[in-house]
Structure formats: structure tokens, C-alpha cells
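Q: Structure of the sequence below:
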Amino acid sequence: PPQTRVVARHRLAPPRARAATVAPARVWRRIDEHCTAVIDPRFDVDGADNDDGDDGGLGPSSDDIALANYLRAESSAQREAMMRSSRREAARFVDIRAAVDRSSAVDDAVHTLSRDGAVFLRRVVDGETCDGIMTVVHEACEAARAEYGDALRRTDVKLAFEGDTKACWAQACGRGGVREILERMPDATAEAVMVEMSVLATERGADRQVLHPDASIDAEHAPLYSLFVALQDVDMDMGPTAFVLESQGRATHDAFPATKWGNEQFETLRGLRWCDATLRKGDAVLYDARTFHQGGANESRRRALMTATFLKPPIPPAPTRRNANGEWSIRNDVFNAMRTVRDIADMDKAS
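A: The predicted model follows:
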């Protein structure tokens with residue numbers, strides 16, 4: 001008989017206590033225990049009681065809408081500055097598993113990650129495993145759409161470490177994968193622990209993000225290394241993530257504020273190398289979380305990236321990010337397991 005495939009559903013394991021700070025409700029909204037979502041702020045105002053219809057001809061408005069409009073304008077200006085640059089590059093992929101000399105390919109990946117803050121990897125997860133995870137992602141996203149409709153913009157789905165999810169990370173970390181890269185990075189090593197794991201899904205209509213790093217340059221913990229695995233092909237219409245290469249250092253962090261950019265920042269940006277992470281299903285990006293990047297505007301269909309972050313111990317209760325109230329995006333039971341890259345790689349049948 002055909003083998004039954006097990007898929008890790010996003011609401012199986014029971015919750016366990018862990019220190020965490022809840023994100024502001026108007027940014028990430030709770031859908032269920034393991035799923036949060038970003039909603040277009042106009043959703044709240046459009047449904048408000050306004051019987052007289054007198055809005056001064058300006059349409060629905062709120063502080064959240066004003067902020068969204070400001071961020072939309074700033075992210076568009078950042079993208080325009082990048083497009084005017086002569087330093088746009090095509091993402092250069094390293095295919096470790098297909099390499100004749102695997103050790104040299106790993107060295108190439110390590111060198112690229114150390115220099116650029118990001119390295120692009122071919123075929124780290126097979127298509128069947130990606131499709132199995134997407135089944136669960138679609139279920140979670142459609143549950144959010146049932147409540148918020150077309151106002152749904154982004155969904156963060158925290159999965160259990162089982163079934164296709166476990167297979168995904170075993171493949172990604174196994175032979176010719178992430179372990180062989182991170183074990184050669186002194187600030188990571190094969191003892192780096194999985195501290196985040198979820199699927200980030202972006203819907204059609206989602207705005208471009210402002211350029212940002214995922215970790216502060218002043219963090220007291222070791223650098224975070226994150227992996228995006230494409231669960232479907234990601235083309236330009238789907239808003240691939242743009243990475244500003246060689247931006248993980250102090251100089252770029254000091255040059256680029258979180259918001260309120262001026263001419264000086266845009267001129268600096270135009271002088272930096274960057275690329276769009278267009279990916280095939282199963283491809284991945286491994287990046288230093290201090291590297292500046294920007295999720296693109298999605299003009300097509302749902303884009304889903306399986307994500308994980310690894311950190312060399314000691315492990316703090318929360319990461320140090322640029323914004324306040326940072327927390328790990330992971331289920332409590334998965335976080336508390338403290339699986340290392342080495343542990344996960346050893347689960348790979350191909351190793």
C-alpha cells in the first residue's frame with residue numbers, strides 16, 4: 001500500500017510557558033495559538049460605525065493608516081534608489097550537493113556568507129516535502145482569510161517539528177546543507193540551536209517592507225543565522241526579498257536608521273551591491289540576520305517561505321532586534337527542545 005505522508009499541523013502540540021513579549025496587536029494579530037497575521041489597517045476603519053458618511057472627502061483614516069502610508073512611501077523610495085544603482089546583481093547560487101568537489105563548494109558558500117551576509121543555495125529541500133508543508137500553510141492562511149478577507153497581508157504559521165516539517169529541516173541541514181556551512185563559521189558552529197521556526201506567507205496586495213535587519217548590531221548574543229526555504233517558485237511578481245549585500249556590519253547599521261531616511265541615506269544605498277532572491281521551489285537563502293533586506297510588494301499570489309534561525313549558545317529568552325519587544329517566532333515545544341544544527345542534520349537519511 002502507498003505510504004501515508006505525515007504533515008505537521010500548526011496546532012498540535014500543547015503550549016508550554018516561555019518568556020516572551022507579545023507583539024503589538026495592531027501589527028501582528030492572533031489568529032490562533034500558533035498563527036498570527038498582519039492585516040491592512042483600513043480593515044478596522046472600513047467596518048467602523050460612520051452613519052453620517054462625513055469623512056471630509058479623505059476616506060477612512062487612522063493613525064495606523066497614516067503610518068502604513070508613510071512606510072509604503074519610504075519603502076518605495078528605497079526600492080527606487082536601489083533600482084537607480086549600477087550595483088544590482090543576479091543572485092549567485094551555490095549548489096553544494098551537485099558539486100564535484102563538495103568541500104570547495106562549501107568553502108565558496110562560507111566565503112560568500114562571511115563577505116556578503118547572505119548565500120543562495122540550490123535544491124536544499126525536495127519538491128514533495130515543500131508541497132506537503134504548503135497544504136498546511138494554505139489551511140492556516142485560509143482560516144485567517146475567513147475572518148479578514150482581502151485585508152490579510154502576511155501570516156506567520158508556527159509548525160510542530162514533525163512530518164514534512166521535520167523532513168524539510170533534516171534535508172536542509174543534512175549532507176551538503178546548512179550544517180556544513182555553519183560548522184565552519186566560528187560565530188555559529190554546528191552547535192547553533194534552532195531558536196525560530198515558522199512559515200512566513202505573504203498575500204497578493206501586501207506592501208513592500210522598509211529595509212531592515214532582523215537583529216541589532218549591538219546584540220549581546222552571537223549573530224543569528226536565518227534560512228528561508230522557498231515552498232514554491234518565487235518570481236518577481238510575487239515580491240521576492242531583496243538583500244543589500246555586505247550590509248551586516250557596523251558602518252551600514254550606523255548609516256541606516258529604522259525610518260525617516262534622508263538624501264544621505266539614499267545616496268549611500270545607491271552605492272551598495274544588492275540582489276533579488278528569486279528562487280525555485282526548494283531553493284534557500286542563508287543569511288546573517290544583521291544583513292539589511294526588504295520583502296517585496298506581492299502583485300501575484302501567495303508566497304510562502306519556510307524559515308528557521310540558528311544561534312550559538314548561550315540562548316537568551318528573546319532576541320535583540322532594532323525594534324522593541326522582540327520575541328522568537330517558534331512554538332514553545334520546538335524552542336524548548338533546543339535542537340542543534342548537528343542534531344537536525346543527523347536526522348537526514350542522505351547523510
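Q: Count residues in the vicinity of the spatially closest residue to Met134 that is not a sequence neighbour, would you?
A: In space, and not counting its chain neighbours, Met134 is closest to Leu231: 5.0 Å by CB to CB, 6 or more residues apart in numbering. For the C-beta atoms, the positions are set from N, CA and C on the backbone; glycine is no exception. Residues near Leu231, counting by other CB atoms under 10 Å, number 26.
Q: How about the contacts made by Leu231?
A: Going by CB atoms under 8 Å, 6 or more residues apart in numbering, Leu231 touches Cys130, Asp131, Ile133, Met134, Val137, Val199, Lys281, Ala304, Leu305, Met306.
Q: Narrow those to just the buried residues.
A: Using 16 or more other CB atoms under 10 Å as the burial test, these include Cys130, Ile133, Met134, Val137, Val199, Lys281, Ala304, Leu305, Met306 as buried.
Q: Assumed the fifth one was part of a helix.
A: No. With DSSP: H, G, I helix; E, B strand; the rest coil as the criterion, Val199 is assigned strand and is not in a helix.
Q: which residue packs closest to it, ignoring adjacent ones?
A: Excluding the flanking residues, the one nearest Val199 by CB to CB, 6+ apart is Val157, at 4.5 Å.
Q: ok, now how distant is the one you found from Asn69?
A: Here Val157 is placed at a distance of 28 Å from Asn69 (CB to CB, to the nearest Å).
Q: Show me which of these two is the more surrounded one.
A: Of the pair Val157 and Asn69, Val157 is the one with more neighbours under other CB under 10 Å, namely 29 against 13.
Q: for the more buried one, which residues make a bridge with it?
A: Going by DSSP bridges, Val157 is paired in beta bridges with Cys35, Val199.
Q: Identify the residues contacting it.
A: Going by CB under 8 Å, 6+ apart, Val157 touches His10, His34, Cys35, Val136, Val137, Ala140, Cys141, Ser198, Val199, Ala201.
Q: can you give me the helices for the stretch 251-351 of the chain?
A: In the stretch 251-351 of the chain, the helices defined using DSSP state H, counting those that start in this stretch lie at 263-270, 332-337, 341-345.
Q: which residues are in contact with the last one?
A: Contacts of helix 341-345 with the rest of the structure, by CB under 8 Å, 6+ apart, involve 169-170, 173-175, 177-179, 182-183, 188, 190-192, 194, 310, 351.
Q: Just the buried residues out of those, in PyMOL syntax.
A: A single PyMOL command selects the buried members of those (16+ other CB under 10 Å):
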select buried, resi 169+170+173+174+177+178+179+182+183+188+190+192+194+310
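Q: Identify those among the contacts of helix 341-345 that sit within strands.
A: Met194, Phe310 (DSSP state E).
Q: From the contacts of Leu231, pick the one nearest Ala215.
A: The shortest gap between Ala215 and any of the contacts of Leu231 belongs to Leu305, at 17.6 Å (CB to CB).
Q: For beta bridges, what are the partners of the closest one?
A: With DSSP bridges as the criterion, Leu305 is bridged to Leu200, Ala230.
Q: residues in contact with it?
A: Val199, Leu200, Ala201, Phe228, Val229, Ala230, Leu231, Val234, Thr241.
Q: Identify the element of secondary structure that the fourth one sits within.
A: The reference is to Phe228. Phe228 belongs to strand 225-230 when assigned by DSSP states H and E.
Q: Paired strands for the helix or strand following that strand, with orientation please.
A: Sequence-wise, the next helix or strand downstream of strand 225-230 (DSSP H and E) is strand 242-244. Next to strand 242-244 in the sheet, as set by DSSP bridges, lie strand 274-276 (antiparallel), strand 293-294 (antiparallel).
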